[in-house]
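[1] what's the 3D shape of this:
(4 chains)
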Protein chains: 4
Amino acid sequence: MCGIFAIENHPNAANLTYQGLYALQHRGQESAGMVTWNGTSMNHHREMGEVSDIFDDAHMGRLTGNRAAGHTRYSTAGHSVLANAQPIVVSTSMGPIGVVHNGNLTNATAIRKQLVEKGAIFQTTSDTEVILHLIARNPRQDLIDSVLLALSYIEGAYSLLLVTAQGLIAARDPHGFRPLIWGRLGDTSCFASESCSFDLLGAEVVAELEPGEVMVVRGTEVSRHVVKAAELPARCAFEHVYFARPDSQVYGEMVSTVRTEMGATLAREAWADADVIVPVPDSGLFPALGYSRESGIPFELGLIRNHYVGRTFIQPAQDTRDFGVRMKLNPVRPLIEGRRVVLVDDSIVRGTTSRKIVRMVREADASEVHLRICSPPTRWPCRYGIDTPNRAELIAGNDRPIQDICDFVGADSLEYLSVEGMLACLGDPAPTYCTACWTGNYRVPITDAQHELFPAGRGAES
Amino acid sequence: MCGIFAIENHPNAANLTYQGLYALQHRGQESAGMVTWNGTSMNHHREMGEVSDIFDDAHMGRLTGNRAAGHTRYSTAGHSVLANAQPIVVSTSMGPIGVVHNGNLTNATAIRKQLVEKGAIFQTTSDTEVILHLIARNPRQDLIDSVLLALSYIEGAYSLLLVTAQGLIAARDPHGFRPLIWGRLGDTSCFASESCSFDLLGAEVVAELEPGEVMVVRGTEVSRHVVKAAELPARCAFEHVYFARPDSQVYGEMVSTVRTEMGATLAREAWADADVIVPVPDSGLFPALGYSRESGIPFELGLIRNHYVGRTFIQPAQDTRDFGVRMKLNPVRPLIEGRRVVLVDDSIVRGTTSRKIVRMVREADASEVHLRICSPPTRWPCRYGIDTPNRAELIAGNDRPIQDICDFVGADSLEYLSVEGMLACLGDPAPTYCTACWTGNYRVPITDAQHELFPAGRGAES
Amino acid sequence: MCGIFAIENHPNAANLTYQGLYALQHRGQESAGMVTWNGTSMNHHREMGEVSDIFDDAHMGRLTGNRAAGHTRYSTAGHSVLANAQPIVVSTSMGPIGVVHNGNLTNATAIRKQLVEKGAIFQTTSDTEVILHLIARNPRQDLIDSVLLALSYIEGAYSLLLVTAQGLIAARDPHGFRPLIWGRLGDTSCFASESCSFDLLGAEVVAELEPGEVMVVRGTEVSRHVVKAAELPARCAFEHVYFARPDSQVYGEMVSTVRTEMGATLAREAWADADVIVPVPDSGLFPALGYSRESGIPFELGLIRNHYVGRTFIQPAQDTRDFGVRMKLNPVRPLIEGRRVVLVDDSIVRGTTSRKIVRMVREADASEVHLRICSPPTRWPCRYGIDTPNRAELIAGNDRPIQDICDFVGADSLEYLSVEGMLACLGDPAPTYCTACWTGNYRVPITDAQHELFPAGRGAES
Amino acid sequence: MCGIFAIENHPNAANLTYQGLYALQHRGQESAGMVTWNGTSMNHHREMGEVSDIFDDAHMGRLTGNRAAGHTRYSTAGHSVLANAQPIVVSTSMGPIGVVHNGNLTNATAIRKQLVEKGAIFQTTSDTEVILHLIARNPRQDLIDSVLLALSYIEGAYSLLLVTAQGLIAARDPHGFRPLIWGRLGDTSCFASESCSFDLLGAEVVAELEPGEVMVVRGTEVSRHVVKAAELPARCAFEHVYFARPDSQVYGEMVSTVRTEMGATLAREAWADADVIVPVPDSGLFPALGYSRESGIPFELGLIRNHYVGRTFIQPAQDTRDFGVRMKLNPVRPLIEGRRVVLVDDSIVRGTTSRKIVRMVREADASEVHLRICSPPTRWPCRYGIDTPNRAELIAGNDRPIQDICDFVGADSLEYLSVEGMLACLGDPAPTYCTACWTGNYRVPITDAQHELFPAGRGAES
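    Okay, here's the model as predicted:
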């Protein structure tokens, strides 16, 4: 998961992009970067770390121009590497292009293989470089035609923002897997993963990009294009479940509203005879409120999150069980002690964290712990941009019975939101959401056998 | 405000102190430090910044011994300076002493003046150095007698932890202005500003220190002493209102419980005909829950706090009104739009932040905004350790009518919790709390005319 | 100018490369980097700064394998950018390749243009990326054939070291513009810009690579190849004049020996009636010794160099003339006062620094200042890898008379070493040295009209 | 060893102090600091590291005023600690005082003991704090009287600079152990350890302070005072041998001149039948020139020093003998091979470094190595401010015969400069130099039994 932001036609494009990225910081704290076009040259900067640590006045002074795009990157498996930070900026026969990307292509490895066989060189392991090669190898009079052609070759999930000499280009894949929203601030256009980044700027939402839509903005001119004939959308529901900020609008719905409704639906589907509803903060807050209202069981902030968790931590000398979770969460004993607790969380991946939280709540002397999950069991890995582990590592992978999972996490009962219940909350009658991680129904087939994009003999920048 | 922590009789005293400080990080992010005694030498380290950024393995390797104390410091007015970071470690005729201190003495300037006239030199502007001078100048066979004598000279607010060759000493002033709690982990004793720091270690609360109590711990031996004849305690209620973490126990009461009760009392005292109760996060969360339950008006998380606010921020190029508040808080429009909102916050100091928050909520199209404050109007500056501005800068200073404040912040109505209502929530029938900032009733008179501790000709370490 | 180093068949390849780069630190302090191959993956790290600041134990732990290459980069015009740091590491159909490069291609722009037209994308402005594209686009069964073919296309100056899965490849251009030396430490082969980097490792010089030679080393196997039919070498004499360390062997000659001989020749060609010979440290030390011995005039260390010159410096408040030079050099007045001084320096570029030094020596009350330069007048810019300014900025550009330059720098007399005298010192009867910067005789024509490798619309990573 | 600098009556006092410290950087790279007085407040900053890394524009902006003093500190035994960085700034009844100090008191421990018994507290282990206590405890109408009284109590070596509200005070101990020089730049006065720091500012030397002299400068007014009745001076000769920069004037003599003369004297005293004279750079350069001229044997730069030696270095993986020395020095083989070499160095402490250098020169195939030391054997530890080890660790301690030392370092012959020869070079007929480290004749008796200034139970700030 990543956050992307871009802006066109603003004299302080870099400054506003900085703010936009700042508001998207929750989508990735590993690295961030920005590229700007000033009419003559393209400048960029990227670094490991958080937005406010990366950019200083000296950088901002060099990031000149009224067109800009930026990126925040989520820390995934393996050690963090600068080479994977975005934007990627390249020189082509049609001029320089800087790109930021959120998503995962399903045929990147296959295309990459072909490109490499044709003599292309790759400097990163990212899908994004594939897209740039395709654009560069298919030059057209008008850059947008080249971009459209390149996009016609690729499959899978992408929300893209390209800074070019010809204009700012925003593109969303035909299934609309990842969000991309268009905003306006006077004569300035902006694009972002989430609407919360517009709020800080004082910009207003115009619309979500349609799945398969490509927009070119140059000054106040906007042209709209289509990648492919319309397909049934396959939007990622996890944006609503976990990724997005509750004050954001995603796919036309407020995240807070959807989350509250998920909690309410869960209460109807999986009521528990309990004394208190306790959210696992922060993503469980709204669902727990919804569950509480629907069930009539009081809502209590029984787990407190420590927001000062730093990047590094001296290892504890004593042998504290579940130390990692205890650093971040602490129970409020009087709200839990002697009570039957419904614990509301967003999802379960490997089950180990849930197990620790349940144990922590039991040690605060809850009389019963009922775990309620506001999404269906995650049984299949995501192939469209979320860094989920493979089936063997997913606690619900290989169709493991819910009761087994309940036993593993040590709850008195465990219930998940049903797929139908989930979809009903998403505010769209048609099945326009991807359900692959719950059902294994991958709307876009996985051409690439493996995620091994850089097969034999390619490590990483350390 | 600061956070203090100490430990006695643990082979990894520094490591546990690190964790203890980590849990107290909310009490101060400006600087932190630690001192340890290993039976032969006293070692310390202190630096500007947050706990997890300050200490590395090299520091921890040198902070040897089974007795330790640490400090986190809150950023107050003026530029931050290392010279004011704690611990202060000195050599005396009774051996080395390292001290951490939370509070503010009311006769420090007067004593300092006398000490300076007697030839003492001061290397900091802090009260703490006064205490160390008093101890050093009154040597006794047994160090504790020297400490007790020194404490008999000082007045005002202090919770102190001293690492000495003779033992770990914990002291709380006779009025008990600031909290100090004693915990145990097997044969290990620990002391902290708040109980939440015990939870991470797995330690258990034994008791609050009594006002005026001094404890000496050496290994598993504990001796208890009294500074002065008992006085009516004057505990600081703002610990419950604002400073402490809700999962902490302070003055024998859970903070979350007190806050919820304050909200409920406020609802009874100052009901508002409204559609939703919205907390100003994070300190408004529990009071808003209490208000909501008592009033029956729904609780909504209508303001989202951005927890990625860094220490530095590139200034915005555009002229966004209330930018500073908008960086930290963002409204969830659908929860506010068209609704009569009760906004619940902990206190109002200068009124400027409240004004911005009210404006933000109005701009999200609330139909009415009723501001409810879970503490009485702050009319007088604190002289006992909280960095409040003087009367002229306090919006409620000089007995300004509430209606004027309401007009200033732009709310439809503004109500505060009454002093009586507040005290009733604090769980103690007797008036054992300080009410100076609300009533001007300073239980300990201010000997020092001004806070100017370093009068003519003393600046600061930059 | 840059320093390059590589090693094959050593279990601690990265560690020895670190040492090799450390010894080459004088060839570039702007950035450094390293790439290693461990039989499975290629890992690299590069950063702005000096070698000992860049690599820590964590980096070294990831730079595994027994094949490695590294680079130190000299700060040239414009602001320093990470994007230009080396190595560059890419993925190709023949596997991953990591490359470090010292030199400058003369037809890079033309080739780049063609490549871009064929759809290649460029992520840097460096020549090195051109070479990698050429290799990748001409795959052969055996990688070395692909490399040889790629090298047959390029012209100009290059000393290259390539880490590949197939072996370590070292290449030197047919004119041998830049040095590249081969060493051995038991079964380990190493390559470096200068022999001084072998000394620290305890490795021994085997030989210089021949101009146009390409070596492939894999374990203890060595194969030698030729890029093109032999041409008359055009080795860069400035290695001996300025760049290399005096304890290095370059082109088969000890730098200290050549420098001393240059000073002696200069004394014969341009004797001055003076009292003392004073070197401009450090490059003037050996020439001044040679001049002193030949002339019989005493050698004095009349200028002291401050070796603590940092990267940044707070600007002086007062208006000190020649402050920049005074920070680095300070005269020893008693050695200069009242004396006729021969000042021996390596070269004059713009003349401004020489002017300041002459003025400084005059202000130390030298009665006469005779400037003697141990190389001919620099009249033409280098096109083969040295960052010299254009003719208009060169004080000796456009055939300006020596007397004019003497007037400009303010010396009583100014003499340069003759081209013939210079060549005679270089220990080779044949004219195997490049004389372009003195004579304008560019042995390899400049295909690229300008150095503007990234024409319209490409800035830099800030 | 440390470097100190101060300035009075300059609107940019901090800026010029920065430059002064920069020029004194060779006297200490461990830490640096500065204090300024602006007529109202005293501000200071100190940090670990080199001058140009420590101070930024923000610090300089706060270091306001036209009176300033600064300090650079040498890394001594034990781990480096910020607590020992200078200046020390304190508040007293006579106003604030900031002090920097070069030297070592011989009765500090005794005085400290008394002060501690009287209730004084010490926050550092440094002598300097003792002086401040003495001043503060003896207040007088005029601060200078208080300073003079305090100085009358202390014994040993000190050059002191005090920034006070009353003026800038410079003091030198009655024996003049450490240098302190007075300079002028228009109406501005400045003081420094060495004259080289005046050169960068364009200031001129006025005079050395006399031993026992105390100067008070306020604006352009200067008053001169005397600590005690004159004693026979005991100036430290090691300033000339090793510490000072050759372009400095110390004790009225140019260091370069003295060093050259030491080499010449050594040649007369200890001639060697050899082919070349090779200095151990940098301190051996001038002595080797002197030896060469006197002996007629050619001077050769046969050892090259690497000036890029950083603070940290990744440990070598291979087992290179003498790696530490090889990192810093490298022989120029053709200048050494097959030759009889006289190696000229300044002194021998433990003998281990000399041994490595001799071995390195032998491995470069010198046929003979004759070590010549430009100072007498160091047989006794310094008690006046140089961090020499105790007698047992000194290779010449306990009167070990020179031949034994020669055998240890592996030279063919070893000769030292005689004490008489040394004194003759120092340009003063009277025995005004301290000879304690050569003869054990400690002019000021050591009151303090040990250097253990902080006896039981005092470690260090880590």
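[2] Show me the strands in the stretch 1-150 of chain A, by range?
    Along the stretch 1-150 of chain A, counting by DSSP state E, counting those that start in this stretch, strands occupy A:2-8, A:31-37, A:42-48, A:67-73, A:88-92, A:95-105.
[3] Which stretch among these is buried most, on average?
    strand A:67-73 (a mean of 31; mean count of other CB atoms under 10 Å in any protein chain shown). To be clear about C-beta, it is placed using only N, CA and C from the backbone, and glycine gets the same treatment.
[4] is chain C contacted by that one?
    No - in terms of CB under 8 Å from any CB of the partner chain, no part of strand A:67-73 sits within range of chain C; the closest distance is 11.7 Å.
[5] Report the angle between that strand and strand A:88-92.
    140 degrees (axes from the mean of the first three to the mean of the last three CA atoms, to 10 degrees).
[6] which helices and strands sit right next to strand A:67-73?
    If you count contacts as 3 or more CB pairs under 8 Å, 6 or more residues apart in numbering or on different chains; DSSP states H and E, strand A:67-73 packs onto strand A:2-8, helix A:13-23, strand A:31-37, strand A:95-105, strand A:156-164, strand A:167-172.
[7] Can you tell me what sits against the strand or helix carrying A:Phe198?
    Mapping A:Phe198 onto the secondary structure by DSSP states H and E places it in helix A:196-201. Helix A:196-201 is contacted from outside by A:3, A:5, A:16, A:19-24, A:181, A:183, A:185, A:190, A:192, A:204-205, A:244-245, A:247-248, B:304, B:318, B:320, B:323, B:326-327, B:330, using CB atoms under 8 Å, 6 or more residues apart in numbering or on different chains.
[8] Which among the residues you listed count as buried?
    A:3, A:5, A:16, A:19-24, A:181, A:183, A:185, A:190, A:192, A:205, A:244-245, A:247-248, B:304, B:318, B:323, B:326-327, B:330 (16 or more other CB atoms under 10 Å in any protein chain shown).
[9] Can you tell me how far A:Val341 is from B:Gly351?
    40 Å (CB to CB, to the nearest Å).
[10] To clarify, my last question referred to A:Ile395.
    For A:Ile395, the distance to B:Gly351 - CB to CB - is 51 Å.
[11] Tell me which residue of the stretch 251-400 of chain A lies closest to chain D.
    Relative to chain D, the nearest point of the stretch 251-400 of chain A is A:Ile314 (13.9 Å; CB to the nearest CB).
[12] Is that residue in a helix, a strand, or coil?
    Put simply, A:Ile314 is coil when judged by DSSP: H, G, I helix; E, B strand; the rest coil.
[13] Now do the contacts for it.
    When contacts are taken as CB under 8 Å, 6+ apart, A:Ile314 is in contact with B:Asn15, B:Tyr18, B:Ser52, B:Phe55, B:Asp56, B:Asp57, B:Met60.
[14] how does it look with 10 Å?
    When contacts are counted by CB atoms under 10 Å, 6 or more residues apart in numbering or on different chains, A:Ile314 touches B:Ala14, B:Asn15, B:Tyr18, B:Gln19, B:Tyr22, B:Val51, B:Ser52, B:Phe55, B:Asp56, B:Asp57, B:His59, B:Met60.
[15] Can you sort out which of those also neighbour chain A?
    When contact is defined as CB under 10 Å from any CB of the partner chain, those meet chain A at B:Ala14, B:Asn15, B:Tyr18, B:Gln19, B:Tyr22, B:Val51, B:Ser52, B:Phe55, B:Asp56, B:Asp57, B:His59, B:Met60.
[16] in the stretch 351-462 of chain A, what spans have low per-residue confidence?
    A:428-430, A:448-462 (pLDDT under 70).
[17] just the strands in it please.
    A:368-373, A:413-416, A:433-434.
[18] same check, this time on the stretch 151-300 of chain A
    Under DSSP E, counting those that start in this stretch, the stretch 151-300 of chain A gives strands at A:156-164, A:167-172, A:181-185, A:188-192, A:204-208, A:213-218, A:221-226, A:235-236, A:249-250, A:253-254, A:276-279.
[19] Check the burial of the residue in the stretch 51-200 of chain A that chain D sits nearest to by counting its neighbours.
    Using CB to the nearest CB, the single residue of the stretch 51-200 of chain A nearest to chain D is A:Asp57, 11.7 Å away. Applying other CB atoms under 10 Å in any protein chain shown, we find 10 residues neighbouring A:Asp57.
[20] So it is in contact with B:Gln315, correct?
    Yes - counting by CB atoms under 10 Å, A:Asp57 touches B:Gln315, with 8.9 Å between them.
[21] Just give the number of residues close to A:Leu151.
    If we define neighbours as other CB under 10 Å, then A:Leu151 has 23 of them.
[22] circling back: compare A:Ile395 and B:Gly351 (neighbour count), which wins?
    A:Ile395 (21 against 18).
[23] For the more buried one, give me its contacts.
    By CB under 10 Å, 6+ apart, the contact set of A:Ile395 is A:348-352, A:354-355, A:377-379, A:389, A:404-405, A:408-409.
[24] 7 Å - rerun?
    Listed by CB atoms under 7 Å, 6 or more residues apart in numbering or on different chains, the contact set of A:Ile395 reads A:Ile348, A:Arg350, A:Gly351, A:Ile405, A:Phe408.
[25] who wins for most neighbours among these?
    The most crowded member of the contacts of A:Ile395 is A:Ile348, carrying 23 neighbours; neighbours defined as other CB under 10 Å.
[26] what's the closest non-adjacent residue to A:Phe243?
    A:Met1 (5.6 Å; CB to CB, 6 or more residues apart in numbering or on different chains).
[27] One more: A:Ala317?
    B:Asn12 (3.4 Å).
[28] Relative to its centre, which residue of chain A is most distant?
    A:Gly338 (38.1 Å; CA atoms, centre = their mean).
[29] Could you say which helix or strand holds that residue?
    Here A:Gly338 is assigned to no helix or strand, by DSSP H and E.
[30] of the strands of the stretch 351-462 of chain A, which approaches chain B most closely?
    strand A:368-373 (17.8 Å).
[31] Packing partners of that closest one?
    strand A:340-345, helix A:352-363, strand A:413-416 (3 or more CB pairs under 7 Å, 6 or more residues apart in numbering or on different chains; DSSP states H and E).
[32] quick one: whichever helix in chain A runs longest near chain B?
    The longest helix of chain A (DSSP state H) is helix A:255-269. Yes - using CB under 7 Å from any CB of the partner chain, helix A:255-269 comes into contact with chain B via A:Ser256, A:Thr257.
[33] tell me the mean pLDDT for that helix?
    Helix A:255-269 shows a mean pLDDT of 97.
[34] Just want the angle from that helix to strand A:368-373.
    Using the same axes, to 10 degrees: helix A:255-269 against strand A:368-373 is 130 degrees.
[35] Would you mind listing what in the stretch 51-200 of chain A touches chain B?
    A:Ser52, A:Asp53, A:Phe55, A:Asp57, A:Met60, A:Cys196, A:Asp199, A:Leu200.
[36] Including pLDDT, could the residues you listed go into JSON lines?
    Written out in JSON lines, the entries for these read as follows (pLDDT from 0 to 100):
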{"residue": "A:Ser52", "pLDDT": "89"}
{"residue": "A:Asp53", "pLDDT": "89"}
{"residue": "A:Phe55", "pLDDT": "93"}
{"residue": "A:Asp57", "pLDDT": "89"}
{"residue": "A:Met60", "pLDDT": "93"}
{"residue": "A:Cys196", "pLDDT": "95"}
{"residue": "A:Asp199", "pLDDT": "93"}
{"residue": "A:Leu200", "pLDDT": "89"}
